[in-house]
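**Student:** quick one: sequence and predicted model below, then my questions.
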Amino acid sequence: MSMISATMLIRRCIGGTASAFVGVGQVAQTSSRSQPFQSRAFVSTQNQHDCRPFRPFNLYPMTATTSMHMSTSTAPTTETSLVGIDWVRSSVVSVLNTIFDPVEIAKGAAIAKLDGGKQKKKKKKKQSNDDDETKEEEEPRMSDEERTTIIEAAASSAKPFTIGDSMVTPATKPEFGDYQCNAAMSLAKSAGLNPRECASKIVDGLKAIEGFDTIMEEPEIAGPGFINLRFKDGYLAGAAGKMAMDAEDGGRLAIPVTKNKQKIIVDFHHLTLPKKCMGHLRSTIIGDTLSNLLTFSGHDVLRLNHRVRKNVDLGDLVMLYKAAKKRFDVDEEFKVRAREGVVKLQAGDEEALAAWESLCAASRVEYQKIYDLLSIKGLNERGESFYNPYLVGVIEDLESQGLAVESEGATAVFLDGYTNRDGSPLPMLVRKSDGGFNYATTDLAAIRHRVQLDPSDGGEKADRVLYVTDAGQSQHFEMVFAAAKKAGFIAEPISLEHVPFGLVQGEDGKKFATRSGDTVKLKDLLDEAVKIAGEDMKSRTDNPDQELSEALNDVAKTVGIGAVKYADLSMNRESNYKFSYGRMLSLNGNTAPYMLYAYARICGIVRKATGQSEDTKVEWPEASDIIISHDAEKQLVRNLVKLPDILSEVETDLYPNRLCDYLFETSQKFNQFYENCSVNNAETPELKASRLSLCTVSAATIRLLMNLLGIQVVEKL
């Protein structure tokens with residue numbers, strides 16, 4: 001067999017790329033929740049084209065030399081904050097880099113792959129003059145020299161273990177503990193061990209980490225080689241105590257600020273009141289929540305309100321918009337003049353800009369009313385026209401690289417993997433035949449401004465940019481991100497991420513509309529939710545016909561607006577959801593009214609146990625040592641100390657419904673605790689103080705997460 005390059009040999013062995021052999025694709029990839037954010041060059045969603053996310057999995061890590069092999073374990077610092085899954089993963093990585101030599105693991109992985117990939121002898125039927133004979137033929141054998149070349153290539157590409165290689169996930173069942181480590185299952189063969197032997201080495205390494213045994217019970221090896229990890233009761237009690245000492249309104253519940261501070265831009269879709277678009281409301285609600293969470297985590301967050309050309313609203317302007325749209329669809333001359341006006345605006349024509357700014361100023365008054373109603377603050381308005389000075393430069397750069405070409409009079413970028421239904425290449429237009437620019441051009445210009453330009457030059461120099469828009473724009477952003485990467489507008493580790501969401505439907509599963517078929521106005525929708533909440537509150541008073549006081553009207557507003565927000569956020573954002581006032585305003589199930597009631601109930605429990613008046617603001621008792629005397633207490637504490645894990649997960653995956661799921665689970669755990677563990681009649685003063693502290697932490701957890709969701713809590717409902 002003739003000699004071929006090491007790369008070709010590797011490809012022949014594994015049926016993929018060389019990089020796949022030395023790290024990616026050798027084993028089943030872990031979920032994105034276990035991947036470090038820094039590993040993502042950029043992210044797009046939905047269809048997997050050339051712009052799909054690259055998530056290195058290096059389960060068989062490799063280094064160029066054995067000098068990178070660590071000799072001692074270092075315990076990740078816990079300081080005075082809570083620890084969670086990130087700390088456990090760091091501990092496992094520390095052990096892996098201590099007990100295994102990455103170069104030897106790389107060689108073992110290569111050998112295992114080569115030996116496991118040997119082809120069986122093929123049977124080939126050969127005709128004979130007398131009868132049919134079946135003869136066996138072997139695949140061409142790899143020479144020893146070729147085999148050695150592959151193994152050496154793998155070793156030279158060795159890298160240390162990383163967080164993703166720890167394969168630590170939350171335990172699938174409470175009886176399995178708090179976390180589960182699966183690294184031994186895939187690492188064993190490369191290490192020349194069976195999985196349980198490999199797991200035993202990892203366990204010994206974890207036990208050797210200074211301070212590990214003060215936090216975790218002795219790790220347990222289960223089944224073929226899974227490692228179950230469980231917090232000690234002493235740690236749980238201490239962690240809950242730390243949370244209680246940092247549980248005042250505005251406190252962090254002992255949750256550490258990120259050590260990897262990033263500049264993050266969250267691009268909201270601007271409210272377009274003439275269209276009264278529910279999708280724009282979803283963008284605002286989801287974008288605000290993600291911004292709140294990322295800010296709480298310690299990142300530098302810029303909330304951008306992306307205003308498009310079409311946003312013309314306010315009184316008569318709404319009628320003007322509708323009339324213009326109707327005429328645009330039927331009057332060809334009017335359509336031409338309208339498009340010429342857009343070109344002038346993009347080119348910076350002073351008269352066009354002045355007219356545009358006057359319309360924006362008028363509309364700003366109206367949409368601000370919606371933002372005020374939703375308590376949306378800190379938005380930075382930036383319209384498409386902001387990027388006009390950069391549009392020509394984008395085109396010139398794309399053309400100079402041969403990426404943008406003439407296509408039927410327009411200028412387009414063609415990307416591999418994107419085709420029309422008939423199989424022809426799908427163009428991404430960046431300049432129309434009349435000289436006007438497209439959304440893709442503006443988005444590319446925005447990317448350059450946001451990630452390339454230094455703040456001293458007016459740019460943002462962002463590390464991560466989130467685009468919160470409907471799922472229907474997924475392909476658009478895939479193509480824009482792919483073009484930006486291909487043009488060199490972004491580079492690792494900068495991350496561009498589309499955060500798609502589904503449609504809002506009526507209860508019948510059809511387009512959300514009024515009974516007459518008209519699109520529902522956003523303000524009318526919110527006002528109706530507040531009205532229903534108020535009527536429900538009046539029905540539960542001694543005098544249902546009496547108007548609510550100003551204070552109770554404020555509560556009704558909190559409940560109504562909160563119900564709309566929570567109903568949206570509690571759903572997987574990529575799913576369509578049916579808008580129902582009845583469901584979202586219900587006091588049963590995972591709803592805002594239920595969570596507001598849960599918080600108010602805890603306030604009542606604390607008031608009663610401490611002799612406070614119901615008419616005054618709750619004074620939370622001083623934090624006390626936590627005593628775990630009942631399983632219901634333990635399960636509540638186990639849930640509470642997982643708060644950092646939930647926040648970290650949402651920061652990475654950007655699914656706010658996990659916050660709502662955790663909130664509901666916390667309220668359920670608290671109910672079980674309260675049913676089984678008397679607060680006011682606890683057996684000892686110390687136990688009563690402990691249980692009051694658990695009430696404080698539970699309430700503070702609900703308050704913190706509701707605030708991150710953009711919903712204020714009430715102490716009495």
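**Tutor:** Everything's here; your move.
**Student:** now do the buried residues in stretch 219-227.
**Tutor:** Buried positions in stretch 219-227, judged by neighbour count with 16 or more other C-beta atoms under 10 Å: 219, 221, 225-227. Bear in mind the C-beta positions are built from the backbone N, C-alpha and C, glycine included.
**Student:** now secondary structure and pLDDT too, for those residues, in CSV please.
**Tutor:** CSV is the format used below for the buried residues of stretch 219-227 (DSSP: H, G, I helix; E, B strand; the rest coil; pLDDT from 0 to 100):
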residue, secondary structure, pLDDT
P219, coil, 97
I221, strand, 97
G225, coil, 95
F226, strand, 96
I227, strand, 97
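**Student:** so G378 sits in a strand?
**Tutor:** No: if the criterion is DSSP: H, G, I helix; E, B strand; the rest coil, then G378 is coil and not within a strand.
**Student:** who does the longest strand seen in the chain pair up with?
**Tutor:** Of all the segments assigned as strand in the chain under DSSP state E, the longest by residue count is strand 410-419. Next to strand 410-419 in the sheet, as set by DSSP bridges, lie strand 404-407 (antiparallel), strand 425-431 (antiparallel).
**Student:** model confidence over that strand, on average?
**Tutor:** The average pLDDT within strand 410-419 is 96.
**Student:** thinking again about what came up before, for A171, which of the strands paired with strand 410-419 is the nearest?
**Tutor:** strand 425-431 (44.9 Å; C-beta to C-beta).
**Student:** so how far is the closest one off the chain centroid?
**Tutor:** 30 Å (C-alpha atoms, centre = their mean, to the nearest Å).
**Student:** list of residues touching the following helix or strand past it?
**Tutor:** The helix or strand immediately downstream of strand 425-431 is helix 439-447, counting by DSSP states H and E. Helix 439-447 is contacted from outside by 384, 387, 390-391, 393-395, 398, 413, 428-431, 465, 476-477, 479-480, 483-484, 487, 489-490, 496, using C-beta atoms under 8 Å, 6 or more residues apart in numbering.
**Student:** list the buried ones in the following helix or strand past helix 439-447?
**Tutor:** Once the chain leaves helix 439-447, the next helix or strand it forms, by DSSP H and E, is strand 464-470. Buried positions in strand 464-470, judged by neighbour count with 16+ other C-beta under 10 Å: 464-470.
**Student:** burial of D524, as a residue count?
**Tutor:** Look at D524: counted by other C-beta atoms under 10 Å, it has 11 neighbours.
**Student:** quick check on it: phi, psi?
**Tutor:** With angles defined as degrees, to the nearest 10, D524 sits at phi -60, psi -40.
**Student:** next one: P170
**Tutor:** For P170, the backbone dihedrals are phi -60, psi 140 (criterion: degrees, to the nearest 10).
**Student:** let me see the contact set for it.
**Tutor:** Here P170 is in contact with 85, 178-180, 642, 645 (C-beta under 8 Å, 6+ apart).
**Student:** just the ones of the residues you listed in helices?
**Tutor:** Mapping the contacts of P170 onto helices (DSSP state H) picks out 85, 645.
**Student:** mind picking the one among the contacts of P170 that's closest to L114?
**Tutor:** When the contacts of P170 are compared against L114 (criterion: C-beta to C-beta), the nearest one is Q180, at 30.8 Å.
**Student:** just give me the neighbour total for the nearest residue to the closest one once chain neighbours are set aside.
**Tutor:** Excluding its sequence neighbours, the residue lying closest to Q180 (C-beta to C-beta, 6 or more residues apart in numbering) is A171, at 5.0 Å. Number of residues near A171 (other C-beta under 10 Å) recorded here: 15.
**Student:** wouldn't Y179 be in contact with S166 here?
**Tutor:** No: between Y179 and S166 there is no contact under C-beta atoms under 8 Å: 9.9 Å.
**Student:** which SS state does F268 fall under?
**Tutor:** Applying three-state DSSP: F268 is strand.
**Student:** before we move on, back to that, farthest-apart pair in the buried residues of stretch 219-227, please.
**Tutor:** Maximum distance among the buried residues of stretch 219-227 (C-beta to C-beta): 11.9 Å, for P219 and G225.
**Student:** re earlier: and the residue nearest to Q180, what are its phi and psi?
**Tutor:** Given degrees, to the nearest 10, the pair of backbone angles that A171 has is phi -60, psi 140.
**Student:** same question for the one 3 residues further on.
**Tutor:** Backbone torsions of P174, given as degrees, to the nearest 10, read phi -60, psi -30.
**Student:** that one contacts K634, doesn't it?
**Tutor:** No: using C-beta under 8 Å as the test, P174 is too far from K634 to be in contact (10.1 Å).
**Student:** out of those two, which sits in the busier spot?
**Tutor:** A direct count of neighbours by other C-beta under 10 Å for P174 and K634 places K634 higher, at 16 against 11.
**Student:** all helices for the stretch 251-400 of the chain, in order.
**Tutor:** 278-297, 316-330, 332-347, 350-374, 388-400 (DSSP state H, counting those that start in this stretch).
**Student:** out of these, which gets nearest to D545?
**Tutor:** Nearest to D545, of these and by C-beta to C-beta, is helix 350-374 at 26.9 Å.
**Student:** buried residues, that closest one. List them.
**Tutor:** So helix 350-374, judged by 16+ other C-beta under 10 Å, has buried residues 352, 356, 359-360, 363, 366-367, 370-371, 373-374.
**Student:** so how far is that helix off the chain centroid?
**Tutor:** Worked out by C-alpha atoms, centre = their mean, helix 350-374 lies 31 Å from the chain centre.
**Student:** state the mean pLDDT of it.
**Tutor:** Rounded mean pLDDT across helix 350-374 is 76.
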